[in-house]
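> The sequence and its predicted three-dimensional model are supplied below.
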Amino acid sequence: MSAPLDVLHEAMAADGIVFDGSLNVEADTYQRFPCLTKGDRNLDVWVYIYPSLRWAKYGVFGMLEAKSVRLSDVPLTRQDRIRMYTIQHERRIAALNARNRAVAIWDRCEAADPAHPYLVRKQLPPWYCAQLGRDLVTGVYGMDGQIMSLQRITPDGKKQFLSGAHTKGGFLPIGKPGTPTIRFCEGFATGLSIHLATDDLTIACYSAYNLPAVVKSFRGAFPDKSLIICSDRGRVGWSAARSAAKGVGGVTILSPLNPSDVRAFGISDFNDVYVNFGMEALAGQMYRHQWASE
């Protein structure tokens, strides 16, 4: 089975998914693994190899569209198809149950503490989040305005979505609707930083992989708005931002812009720019450095 796994490894690596060590996957088992792609450590990768070992599917749980990989030249068997349909049905039921749990958990949350270590480290006010115990909680919303899932953020910054919930196409709106420009980014801290610097409605998509789906939905709902995608630094983030901008009349911004800042300060997103250089510097990047999408 080493040859098929090599094929699977190569396909996943092309999507920026890497693992710390070898990928050990059993056939006919839906498995999840930590995603070690920089900037997406809070996400999970799911992998399923069909019983015949001829095909596999994978994705970033709830976000990256499921992709099929041919492991051999033999077509799927009837057993393969029945098993995958069963798994898909089970996932839909789990997502519905998780959505109901998300609403119940959100109702138990309290106002976020301004002294929460994560907020202090990110130099942000306790806006657009709540708190449950020691963890911050942010909502993952759909275009219908309903909660799809939740993200919990521990004091040391570890992030986790609600188990079983769908998050693909979900987002956190930060700011008031009605601004002529809507900005998109990956994480909550980055989104709140951008909103503070611009006063624009900012949509935190939670992952680079989720940017294209969310941006497409907003373009359909708001055809006359200016859409700006604010990318994290790195190949995966930049590629996803360009993909999201293409075809919707968006503008892509790369963060941070000065390579020396990346090396000297370890900057990878716009909150890093704010923390290291201040709000004025962040606002300057927001308005001066934009590249029109192709």
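Received the coordinates, thanks. Residues are numbered from 1 along each chain as shown.

> My guess is residue 200 contacts residue 184. True?
No - using CB atoms under 8 Å, residue 200 is not in contact with residue 184; the gap is 10.3 Å. For every residue, glycine as well, the C-beta is placed using N, CA and C.

> shared neighbours, these two?
residue 228 (CB atoms under 8 Å, 6 or more residues apart in numbering).

> residues of stretch 161-177 that come out buried?
161-162, 164-175 (16 or more other CB atoms under 10 Å).

> cool, stretch 214-221 as well?
214-216, 218-219.

> Run a quick neighbour tally on the residue nearest to residue 178 when sequence neighbours are not counted.
Leaving out its chain neighbours, the residue that sits closest to residue 178 by CB to CB, 6 or more residues apart in numbering is residue 201, at 7.5 Å. Using other CB atoms under 10 Å, the number of residues around residue 201 comes to 21.

> is residue 201 in a bridge, and if so with what?
Beta-bridge pairing of residue 201 under DSSP bridges involves residue 182.

> can you map out the helices along the stretch 101-250 of the chain?
Per DSSP state H, counting those that start in this stretch, the stretch 101-250 of the chain carries helices over the ranges 117-122, 188-198, 211-221, 235-245.

> how about the ones you listed in a markdown table, adding distance to residue 46 and mean pLDDT?
Listed next are those as a markdown table, based on distance: least, CB to CB, whole Å; pLDDT from 0 to 100:
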| stretch | distance to residue 46 | mean pLDDT |
| --- | --- | --- |
| helix 117-122 | 27 | 97 |
| helix 188-198 | 23 | 97 |
| helix 211-221 | 17 | 93 |
| helix 235-245 | 17 | 83 |
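
> out of the ones you listed, deepest packed?
Ranked by mean neighbour count, these are led by helix 188-198 with a mean of 25 (mean count of other CB atoms under 10 Å).

> Let me see the residues that make contact with it.
118, 122, 124-125, 127-129, 138, 151, 153, 172, 174-175, 181, 183, 185, 200-204, 206, 230, 232, 269-271, 273-274, 279, 282-283, 286-287.
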